[in-house]
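Student: compute the structure for the input listed below.
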Amino acid sequence: MPMTPERRREFERLLRRERMKRVLQAGPPVLIGAGLLSGLLWFRLHGGPPWIGLVLAGGAALAKPALFFVRYLDRRRQRDRME
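Tutor: Predicted structure coming up:
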């Protein structure tokens, strides 16, 4: 039995929402990494101090655990809402 147009729109809306959720979850780490890399390259090419690479690497090292912690809190909040 084919889906009704209303049910099809609802299903497509759910698929679109899931796709956007995946993109938004993958986006921040990619943007942080790209920003840090471009910042490091810009500073090094424009005569920046050599220690700037260590600062950017430290920022990247701290950003990843912070991102995992934020995701953990979000999942926990969603679980609590479902119960």
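
Student: tell me the mean pLDDT for the strand or helix carrying residue 21?
Tutor: Here residue 21 sits within helix 5-45, counting by DSSP states H and E. Mean pLDDT, helix 5-45: 84.

Student: what's the offset of that helix from the middle of its chain?
Tutor: 6 Å (CA atoms, centre = their mean, to the nearest Å).

Student: now the most centrally placed residue in the chain: closest residue in space, sequence neighbours ignored.
Tutor: Closest residue to the average C-alpha location of the chain: residue 28 at 2.8 Å, with CA atoms, centre = their mean. Closest residue to residue 28 apart from its sequence neighbours, by CB to CB, 6 or more residues apart in numbering: residue 67 at 6.2 Å. In short, each C-beta sits where N, CA and C put it, glycine included.

Student: just the pLDDT for the one you found.
Tutor: With respect to pLDDT, residue 67 has a value of 79.

Student: am I right that the residue nearest to the centre of the chain is in contact with residue 68?
Tutor: No. Judged on CB atoms under 8 Å, residue 28 makes no contact with residue 68 at a distance of 11.2 Å.

Student: quick one: residue 48 and residue 57, what's the gap?
Tutor: 14 Å (CB to CB, to the nearest Å).

Student: what's the answer for residue 37, then?
Tutor: 10 Å.

Student: same question, residue 2
Tutor: 56 Å.

Student: also residue 19?
Tutor: 33 Å.

Student: equivalent analysis for residue 43, please.
Tutor: Residue 43 is 12 Å from residue 57, by CB to CB.

Student: more neighbours, residue 2 and residue 57?
Tutor: residue 57 (12 against 6; other CB atoms under 10 Å).

Student: can you tell me the helix or strand for the more buried one?
Tutor: Going by DSSP H and E, residue 57 is in helix 52-82.

Student: neighbours of residue 63, how many?
Tutor: 16.

Student: okay, it: pLDDT?
Tutor: 77.

Student: kindly report the same for residue 1.
Tutor: 62.

Student: that older thread, and the helix holding residue 21, what does it pack onto?
Tutor: Under the contact criterion of 3 or more CB pairs under 8 Å, 6 or more residues apart in numbering; DSSP states H and E, helix 5-45 touches helix 52-82.
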